[in-house]
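A.B. asks: need a structure here:
(one chain, ligands or ions: 1)
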Amino acid sequence: MKGKRVLIGVSGGIAAYKVCEVVSTLAKAGVEVRAILTDAAGEFVTPLTFATLCRQGAFTDKDFWEASHGRPLHIQLGEWAEVLAIAPLTANTLAKLAGGFADNLLTNTVLASKCPILLAPAMNTDMWEQPAVQRNWREVLTDGRYHAIEPGAGMLACDREGLGRMAEPSEILSHIESLLYTKGDRDLAGKRVLISAGGTREHLDPVRFIGNPSTGKMGIALAQAAWHRGAIVTLVHSITGEVPLRGVRSIALTSAQEMRQEMLECFPDADLTVMAAAVADVKPTEYHSEKLPKRSLPNALPLTPVPDILAELGKLKQPHQKLIGFAAQTGDLVKPALEKLRAKKLDVIAANPIDKIGAGFGSNTNQAILINAEGKQVEIAPCSKLEMAHRLFDFVMNKD
Ligand code: CTP
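C.D. replies: From the prediction side, this is the model:
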């Protein structure tokens, strides 16, 4: 994202304090960030806070009416931005966007810009659920320029538990990164994308299992990227704990057998399937439903192979479906990946080294050689897992 230009619009809600983190993270990543605060936003956070975090400028309506800018400020900012994110978006600013109003610096800049605009609403539950607010929300989203991160449910600053809580800074940041990459193109609109993520666990008893270090970050990045590109996404994941992914249907499970069942069930509806999960190859032959005492643990553990899910999907694949696998390798990358691509009847395989720093299990970054069934190869240098996900979708759709 280094060198990209992001404009953050802040309207007047308490969630404005969370946007400080968005701005700070972007600036630390080398992004050029500028901010516009509405007068109401200035009651919650100060322009100085944002100007300091941006290292650039934070603008208010006072700047808008000053005569010393040369070209009008809203035109300059509108032309400058590659992505505009409005967070928090209040009911008032939403209504102005829906109506095409331009009565302050932020709304004038919206109208003077052409870049994709990300909207992250935040408000009290009753306000969010008002028919007028919902009508305005539906209205703005008919314009393809606007990309939405719907508010979630949670404890609100008004002591209510309910819908209206702004998306977390990490989700806003991922969406901004995607929009900088795609420039707002929803090339997967209407496509059904099925993704598996995380390492499966094959239990010997309720406590002990055979597993691997996969954290599911690559699969989650793929699910986010597909959703940001307009797809209808199902994420089948074996990561324990919550996977807070807006816009994604998420199915949690533990073992390879459970993953196989879910993947087989979802696969017929999928246009594009990515098997990013690190599936165990074997399981303990016997499962004990009670925890085994230490003295009863066997010296040698009898193992049984688990089915190869991807190979099964390859056999079921229809001509309109695309099937993508990962080959997590040490040493030689291409030869074993090509063998897996052919044996499992894949359209594309991502061969990624797990023995390099900044790639593989648990890392926030990855690198890979992408190979398709025609033998085309593209090397992707180390990048964020979200960018890797976008590069993979580009490769699958012959856009690289
Ligand atoms: N895979 C799968 N089911 C399994 C094992 C692997 O669906 N039981 C999928 C993985 O999700 C990945 C691809 O197959 O997309 C390749 O997995 P990998 O572990 O690299 O290779 P294996 O086929 O298991 O072969 P090996 O362990 O011998 O390298």
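
A.B. asks: And the residue in the stretch 51-200 of the chain that the ligand sits nearest to, how far from Asp63?
C.D. replies: The ligand sits closest to Ser196 of the stretch 51-200 of the chain, with a gap of 6.4 Å, by CB to the nearest ligand atom. Using the backbone N, CA and C atoms, a C-beta is placed for each residue, glycine as well. Ser196 sits 49 Å away from Asp63, taking CB to CB, to the nearest Å as the criterion.

A.B. asks: out of these two, which sits in the busier spot?
C.D. replies: Comparing Ser196 with Asp63 by other CB atoms under 10 Å, the one with more neighbours is Ser196, at 32 against 17.

A.B. asks: Apart from its neighbours in sequence, what residue is nearest the more buried one?
C.D. replies: Nearest non-adjacent residue to Ser196, counting by CB to CB, 6 or more residues apart in numbering: Ala277, 3.8 Å away.

A.B. asks: got the contact list for the one you found?
C.D. replies: Residues counted as contacts of Ala277 (CB atoms under 8 Å, 6 or more residues apart in numbering) are 196-200, 214, 216, 219, 236-238, 259, 309.

A.B. asks: what do you get if the cut-off is 7 Å, keeping everything else the same?
C.D. replies: Ser196, Ala197, Gly198, Thr200, Gly219, Ser238, Met259 (CB atoms under 7 Å, 6 or more residues apart in numbering).

A.B. asks: repeat for Ser255
C.D. replies: Ser255 sits next to Thr200, Arg201, Glu202 when contact means CB under 7 Å, 6+ apart.

A.B. asks: If you rank these by neighbours, which is first?
C.D. replies: Counting by other CB under 10 Å, top hit in the contacts of Ser255: Thr200 with 28 neighbours.

A.B. asks: Tell me if I'm right that that one and Ala256 touch.
C.D. replies: Yes: assessed by CB atoms under 7 Å, Thr200 is found in contact with Ala256 at 4.4 Å.

A.B. asks: List the residues that are in contact with both of these two.
C.D. replies: Val279, Ala280.

A.B. asks: tell me which residues in stretch 132-147 are buried?
C.D. replies: For stretch 132-147, the neighbour count (16 or more other CB atoms under 10 Å) marks Val133, Asn136, Trp137, Val140, Tyr146, His147 as buried.

A.B. asks: Look up phi and psi at the fifth one.
C.D. replies: Put plainly, it is Tyr146. Main-chain torsions, Tyr146, degrees, to the nearest 10: phi -90, psi 130.

A.B. asks: mind listing what it touches?
C.D. replies: Ile117, Leu119, Val140.

A.B. asks: Quick one: name the residues of the chain near the ligand.
C.D. replies: Near the ligand, the residues belonging to the chain are 256, 275, 277, 279, 281, 306, 308-310, 325-328, 340 when assessed by CB under 6 Å from any ligand atom.

A.B. asks: Make CSV out of the residues you listed and add pLDDT and secondary structure.
C.D. replies: What follows is these, written out as CSV (pLDDT from 0 to 100; DSSP: H, G, I helix; E, B strand; the rest coil):
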residue, pLDDT, secondary structure
Ala256, 96, helix
Met275, 98, strand
Ala277, 96, coil
Val279, 95, coil
Asp281, 92, coil
Val306, 94, coil
Asp308, 96, coil
Ile309, 97, helix
Leu310, 98, helix
Gly325, 98, strand
Phe326, 96, strand
Ala327, 94, strand
Ala328, 87, strand
Lys340, 96, helix
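
A.B. asks: So among the residues you listed, which ones count as buried?
C.D. replies: Buried members of these, scored by 16+ other CB under 10 Å, are 256, 275, 277, 279, 306, 308-310, 325-328, 340.

A.B. asks: Most neighbours among the contacts of Ala277, which one?
C.D. replies: Ser196 (32 neighbours).

A.B. asks: Arg260 is in contact with that residue, correct?
C.D. replies: No: counting by CB under 7 Å, Ser196 stays clear of Arg260, with 10.0 Å between them.

A.B. asks: for the stretch 301-400 of the chain, what spans make up the helices?
C.D. replies: 309-316, 334-343, 385-396 (DSSP state H, counting those that start in this stretch).

A.B. asks: Just name the most buried of these.
C.D. replies: helix 385-396 (a mean of 23; mean count of other CB atoms under 10 Å).

A.B. asks: Please state the offset of that one from the chain centre?
C.D. replies: Distance of helix 385-396 from its chain centroid, counting by CA atoms, centre = their mean, to the nearest Å, is 12 Å.

A.B. asks: Which secondary structure elements does it sit against?
C.D. replies: Contacting helix 385-396 under the criterion 3 or more CB pairs under 7 Å, 6 or more residues apart in numbering; DSSP states H and E are the following elements: helix 169-182, helix 217-228, strand 348-353, strand 365-372, strand 377-384.

A.B. asks: same thing but at 6 Å, please
C.D. replies: Under the contact definition 3 or more CB pairs under 6 Å, 6 or more residues apart in numbering; DSSP states H and E, helix 385-396 sits against helix 169-182, helix 217-228, strand 365-372.

A.B. asks: Distance to His74 added to the ones you listed, as CSV?
C.D. replies: Output for those, formatted as CSV (distance: least, CB to CB, whole Å):
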stretch, distance to His74
helix 169-182, 20
helix 217-228, 27
strand 365-372, 37
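
A.B. asks: Quick check: which of those is buried the most?
C.D. replies: Across the helices and strands packed on helix 385-396, averaging neighbours per residue (mean count of other CB under 10 Å) puts helix 217-228 on top, at a mean of 27.

A.B. asks: I am finished for the moment; much appreciated.
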